[in-house]
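K.L.:
Got a sequence here, can you build the structure:
(chains A and B)
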Number of protein chains: 2
Amino acid sequence: MTALFPGPGSKAELEEGDVFSPRFDRDGLVVCVTVDVHDNTILMLAYMNAEALKLTLETGVVHYWSRSRQSLWRKGDTSGQVQTVKEIRVDCDQDALLIKVEPGGDGGACHTGRRSCFYRVVVPGQDSATLVFEDLKL
Amino acid sequence: MTALFPGPGSKAELEEGDVFSPRFDRDGLVVCVTVDVHDNTILMLAYMNAEALKLTLETGVVHYWSRSRQSLWRKGDTSGQVQTVKEIRVDCDQDALLIKVEPGGDGGACHTGRRSCFYRVVVPGQDSATLVFEDLKL
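P.N.:
You can find the predicted model right below:
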């Protein structure tokens, strides 16, 4: 499945080349940070396998691989929160993606009903850390 | 090492609770998106093990786990790009972190000398995709 994309070249090719050769991990996945194109709020972090990435590039609609369900997942199929691709970026060693999207439906992305999955702040304490709820607005 | 943090509870506790119980993967790592506090530019994506996360919380300076070097890594030790923590967030199922930092040194984060690791845009083509260099400014 990863043969859908060119295999990674040398470090120099990966970092300074113009060939998109995403590096999938041993589960065949690449991590993806998804951002709202309107105000750059980080909506979610998820994973794509080669098929999901290929479909995302071909259709302009974001597809992920659900690790919990072990299945291809066209975001929004049940929630209506379809994500239209506005820009895809890759990082220096091509093992992480950053996608700007136009979110459909109610504009949210989190299955808990919140706009962003990052709705809690970690507050360090003496022995442990606690979480404070605060909607993400970057 | 993961015993440095409480083990994950039920789905409800993970998603709606106030206990920080990060879910490390089978390599003992949690993924971390790092953002510049000044303008929310996404600087990099990296990983932390429990020790790196504990040190980050205790010292207020970001520590990662380098997967390529297999070692704890205080960002900036060699580059001067020390990252001071301004806010840490966790996502719904507590397997991803979002950290806002004040970047030290020249304000950059990428080992290639660029400010952000996400300096290339993926442009879909007929059979493959190419990369276009463009510094990230969200």
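
K.L.:
Check the gap between A:Gln83 and chain B for me.
P.N.:
Relative to chain B, A:Gln83 is positioned 15 Å away (criterion: C-beta to the nearest C-beta, to the nearest Å). In this view, the C-beta of every residue, glycine as well, is placed from N, C-alpha and C.

K.L.:
Quick check, that residue in contact with A:Arg74.
P.N.:
No. In terms of C-beta atoms under 8 Å, A:Gln83 does not count as a neighbour of A:Arg74; the distance is 9.3 Å.

K.L.:
who touches both of those two?
P.N.:
Applying C-beta atoms under 8 Å, 6 or more residues apart in numbering or on different chains, one finds that A:Gln83 and A:Arg74 are jointly contacted by A:61-62.

K.L.:
Which residue ranges of chain A form strands?
P.N.:
A:29-36, A:42-49, A:63-66, A:71-74, A:83-90, A:96-103, A:120-124, A:129-133 (DSSP state E).

K.L.:
Which residues are in contact with the residue nearest the centre of chain A?
P.N.:
Most central in chain A under C-alpha atoms, centre = their mean is A:Cys32, positioned 2.7 Å from the mean C-alpha point. Counting by C-beta under 8 Å, 6+ apart, A:Cys32 touches A:45-48, A:64, A:96-99.

K.L.:
For it, which non-adjacent residue is closest in space?
P.N.:
In this structure, A:Cys32 finds its nearest non-sequential neighbour in A:Leu97, 4.3 Å apart by C-beta to C-beta, 6 or more residues apart in numbering or on different chains.

K.L.:
and the one you found, what is it in contact with?
P.N.:
Going by C-beta under 8 Å, 6+ apart, the list of residues near A:Leu97 reads A:22, A:30-33, A:48, A:53, A:88-91, B:122.

K.L.:
Just name the most buried of the strands of chain A.
P.N.:
Among those, strand A:42-49 has the highest mean neighbour count (mean count of other C-beta atoms under 10 Å in any protein chain shown), at a mean of 24.

K.L.:
Can you add pLDDT and distance to A:Arg115 and give the contacts of A:Cys32 back as CSV?
P.N.:
Formatted as CSV, these follow (pLDDT from 0 to 100; distance: C-beta to C-beta, whole Å):
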residue, pLDDT, distance to A:Arg115
A:Leu45, 98, 14
A:Ala46, 98, 15
A:Tyr47, 98, 21
A:Met48, 98, 22
A:Tyr64, 98, 18
A:Ala96, 98, 22
A:Leu97, 98, 21
A:Leu98, 98, 18
A:Ile99, 98, 16
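
K.L.:
Now those residues in a markdown table, please, with extra columns for distance to A:Glu16.
P.N.:
What follows is these, written out as a markdown table (distance: C-beta to C-beta, whole Å):
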| residue | distance to A:Glu16 |
| --- | --- |
| A:Leu45 | 26 |
| A:Ala46 | 28 |
| A:Tyr47 | 26 |
| A:Met48 | 24 |
| A:Tyr64 | 29 |
| A:Ala96 | 17 |
| A:Leu97 | 18 |
| A:Leu98 | 18 |
| A:Ile99 | 22 |
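
K.L.:
can you tell me the distance between the two ends of stretch A:93-107?
P.N.:
31 Å (C-alpha to C-alpha, to the nearest Å).

K.L.:
how far does it sit from the chain's center?
P.N.:
Distance, stretch centre to chain centre, for stretch A:93-107: 5 Å (C-alpha atoms, centre = their mean, to the nearest Å).

K.L.:
And for stretch A:95-109?
P.N.:
Averaging C-alpha coordinates over stretch A:95-109 and over its chain gives two centres that are 7 Å apart (C-alpha atoms, centre = their mean).

K.L.:
Of all the strands of chain A, which one comes closest to B:Leu136?
P.N.:
Set against B:Leu136 and scored by C-beta to C-beta, those come closest in strand A:83-90, at 6.9 Å.

K.L.:
That closest one vs strand A:29-36, what angle?
P.N.:
Relative orientation of strand A:83-90 and strand A:29-36, computed by axes from the mean of the first three to the mean of the last three C-alpha atoms, to 10 degrees: 120 degrees.
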